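Peer 1: Structure here, sequence nowhere to be found:
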């Protein structure tokens, strides 16, 4: 049965589309004002003067527009006022100079307020997307999942759909990059997937249809790493196609890993025509099994010594956590990060598979 997007999905599209260009423009405006502020304050933008800027409370120079993080790029206006006041007092500032300083501060304050408004809109769009990561097709499944963007909004997502025969298709995707561009890809890919999967007869049709639409509608530089699963509980049958994701794990109730589904193809949206081939792996399950999929934001998370968690360590955690690998992996990830920040969006999904006659 096909799922229908409601007004919230449309609202997410509109919110993201209306803020994408504004956020990009805002980043460059804040960067330009920051340089103006430093220059007018008498601190040239080189390493020799960073200590002077830091002493006045100014954040370190980023070294270029591309390195700017909008959440930290613009200095607080109170710091800016102290810096300019100190410069004016030291140089016996002129009326012209003071007027220029006031103009910069006014522009900076307006941009900071505008940034706050944009971030609030992004948070609202993020909440809408979070609520729609998993559609009604998965409401009767024993499902647990976590989607944690590196910033306000990101490119990891989970979505499911059933065809007319009741076969469930599950897509766990990770768009390249993060922030707005990848989030726009999520909105497009989710709708493409549900449209294709509702009419599909097998996993191959879903992958082929999704790939064709991604290549036709999205920018050439965008691609989608994905775990695509076809689940037929009535037959106890599972088919998996991993395209650029960490190995998906199927484990038994005692924690034994029954099967690892490693990546067998490049991500969606890269190849077309005869170059694009889908060869799913097939696995029968005759007991209550657990399917665990996770993005590279999990395996590539680093500790204080810059060591990644790694796929092998995740597999060890799963094997040592009979019955509930989801909680164990999240706990292991938190311990590995040690309170540090994420460097990529991350997501993890656990789905219980119960073959006919399997004990609850």
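Peer 2: Arrived safely. Here the structure is a predicted model, which is why all the values come from computation and not from measurement.
Peer 1: What is the neighbour count of residue 290?
Peer 2: 26 (other C-beta atoms under 10 Å). To be clear about C-beta, it is placed using only N, CA and C from the backbone, and glycine gets the same treatment.
Peer 1: what's the answer for residue 274, then?
Peer 2: 6.
Peer 1: Surely it is in a strand?
Peer 2: No: counting by DSSP: H, G, I helix; E, B strand; the rest coil, residue 274 is not part of a strand but helix.
Peer 1: Could you report the distance from it to residue 236?
Peer 2: 34 Å (C-beta to C-beta, to the nearest Å).
Peer 1: what does residue 344 give?
Peer 2: 35 Å.
Peer 1: ok, now residue 298?
Peer 2: 28 Å.
Peer 1: More neighbours: which of those two?
Peer 2: residue 298 (27 against 19).
Peer 1: Checking my notes, that one in a helix, right?
Peer 2: Yes: under three-state DSSP, residue 298 falls within a helix.
Peer 1: Surely it and residue 349 touch.
Peer 2: No: with contact defined as C-beta atoms under 8 Å, residue 298 does not count as touching residue 349 (11.0 Å).
Peer 1: for the nearest residue to residue 148 once chain neighbours are set aside, what are its contacts?
Peer 2: Nearest residue to residue 148 in three dimensions, chain neighbours excluded: residue 346, at 5.1 Å (C-beta to C-beta, 6 or more residues apart in numbering). By C-beta atoms under 8 Å, 6 or more residues apart in numbering, the residues touching residue 346 are 146, 148, 150, 156, 294, 295, 297, 298, 301, 333.
Peer 1: Check whether the fourth one really touches residue 295, as I assumed.
Peer 2: Right, the one you point to is residue 156. Yes: counting by C-beta under 8 Å, residue 156 touches residue 295, with 5.3 Å between them.
Peer 1: Find residues that contact each of those two.
Peer 2: In contact with both residue 156 and residue 295: 174, 345, 346, 347, using C-beta under 8 Å, 6+ apart.
Peer 1: For the closest residue to the second one other than its chain neighbours, what is the enclosing helix or strand?
Peer 2: Of all residues not flanking residue 345 in the chain, residue 154 sits nearest, at 3.6 Å (C-beta to C-beta, 6+ apart). Per DSSP states H and E, residue 154 falls between elements, in no helix or strand.
Peer 1: Which pLDDT value belongs to residue 317?
Peer 2: Residue 317 carries a pLDDT value of 95.
Peer 1: Spit out the contact partners of it.
Peer 2: 325, 328, 329, 332.
Peer 1: just checking, the third one touches residue 349?
Peer 2: So the one you mean is residue 329. No: using C-beta under 8 Å, residue 329 and residue 349 do not qualify as a contacting pair, with a distance of 10.9 Å.
Peer 1: can you give me the end-to-end distance of stretch 262-270?
Peer 2: 19 Å (C-alpha to C-alpha, to the nearest Å).
Peer 1: buried ones in that stretch?
Peer 2: 263, 265, 267, 268, 269, 270 (16 or more other C-beta atoms under 10 Å).
Peer 1: One more: stretch 157-172?
Peer 2: 157-163, 167-172.
Peer 1: ok, now stretch 314-334?
Peer 2: 314-315, 317-319, 321, 325-326, 328-330, 332-333.
Peer 1: just those residues now: which is nearest residue 103?
Peer 2: Of all the buried residues of stretch 314-334, residue 103 sits closest to residue 333, with 47.5 Å by C-beta to C-beta.
Peer 1: how is this protein carved up into domains?
Peer 2: The record's domain parsing of the chain by automatic domain parsing lists 7-126, 133-353.
Peer 1: Lowest average pLDDT across these?
Peer 2: Among the domains of the chain, domain 7-126 carries the lowest mean pLDDT (a mean of 55).
Peer 1: The residue nearest to residue 329 when sequence neighbours are not counted in helix, strand or coil?
Peer 2: Spatial nearest neighbour of residue 329, chain neighbours left out: residue 317 (5.4 Å); criterion: C-beta to C-beta, 6+ apart. Residue 317 carries the three-state label helix when classified by three-state DSSP.
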